[in-house]
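how would this look folded up:
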Amino acid sequence: MGGQEFPIRYISTERPYVTYIDGKHLVFANVSAKRYGRSTPMYHVETHFLTTIWLDKFLRADFYFYEYLTGVYKRGFFELHLNFCQFIKNPIFGPMMKQRNLTGPCPYPPGEYHFYNMTVAGTAVPKGFPFTKGRLYANATYKNIFIASGYLDIEIKEVRIKRQKRRIK
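Purely as a prediction, here's the structure:
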């Protein structure tokens, strides 16, 4: 049986690392990436944290994209600066947050949060994005108090998948 090939564009997210949490506003935070077998090239991100603050417009995330060039990460010009309520509406990050826990309107109460199997759709990133391999650094502040930071490596990839034709009996 033959099949038709078609491209799948995806974002590989690997080696996440939490570099700092303040312990007062964010009690703990853990980020990991895992791949489910060799049949899929995508890594899925999991995030777990306990917060003593509301997840609201006073919680701000700053994202800095670094391009990987000749063995070195170099800061690019692309940045995102969003409060939490804007973050969950963002076309790149919002869908993965909404599909997990955050389905109601912003704000969300203090507590423990768990996000499993998060991926960013390759279609969410514009085709003209300035680079295909790099590192995403993130800092979080609450009412201008630095509470957390971390990073993860990213790569925009495209693979060709062969779809098998089904036999009709």
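
lowest confidence element among the helices and strands of the protein?
helix 94-98 (a mean of 74; mean pLDDT, DSSP states H and E).

So for it, what gets flagged as buried?
Neighbour-count burial for helix 94-98 flags 94-97 (criterion: 16 or more other C-beta atoms under 10 Å). Where you see a C-beta, it was placed from the backbone N, CA and C, and this is true even at glycine.

Closest one of these to Tyr68?
Here the nearest of the buried residues of helix 94-98 to Tyr68, counting by C-beta to C-beta, is Met96; it sits at 22.8 Å.

Not counting residues beside it along the chain, what's closest to the closest one?
Nearest residue to Met96 in three dimensions, chain neighbours excluded: Met118, at 4.2 Å (C-beta to C-beta, 6 or more residues apart in numbering).

ok, that neighbour - contacts?
By C-beta atoms under 8 Å, 6 or more residues apart in numbering, Met118 lies in contact with 44-47, 96-97, 100.

picking up where we left off before, which strands or helices does the least confident helix or strand of the chain pack on?
Helix 94-98 is packed against strand 111-118, with contacts defined by 3 or more C-beta pairs under 8 Å, 6 or more residues apart in numbering; DSSP states H and E.

The strand it packs on pairs with which strands, and in what direction?
Strand 111-118 has the following strand partners under DSSP bridges: strand 43-51 (antiparallel).

can you state the direction angle for the helix or strand following the strand it pairs with and strand 43-51?
Going down the chain from strand 43-51, the next helix or strand is strand 59-69, by DSSP states H and E. Strand 59-69 runs at 150 degrees relative to strand 43-51, counting by axes from the mean of the first three to the mean of the last three C-alpha atoms, to 10 degrees.

Contacts made by strand 59-69 with the rest, please.
Contact with strand 59-69 is made by 53, 73-76, 78-84, 87, 130-131, 133-142, 153, as judged by C-beta under 8 Å, 6+ apart.

redo that, cut-off 6 Å
With contact meaning C-beta atoms under 6 Å, 6 or more residues apart in numbering, strand 59-69 is reached by 73-76, 78-84, 87, 131, 133-142.

partners of it in the sheet?
Strand pairing for strand 59-69, determined by DSSP bridges: strand 72-83 (antiparallel), strand 133-142 (antiparallel).

Least confident of those, on average?
When the strands paired with strand 59-69 are ranked by mean pLDDT, strand 72-83 comes last with a mean of 92.

for the protein, what are the low-confidence residue spans?
1-3, 38-41, 98-101, 121-122, 126, 161-169 (pLDDT under 70).
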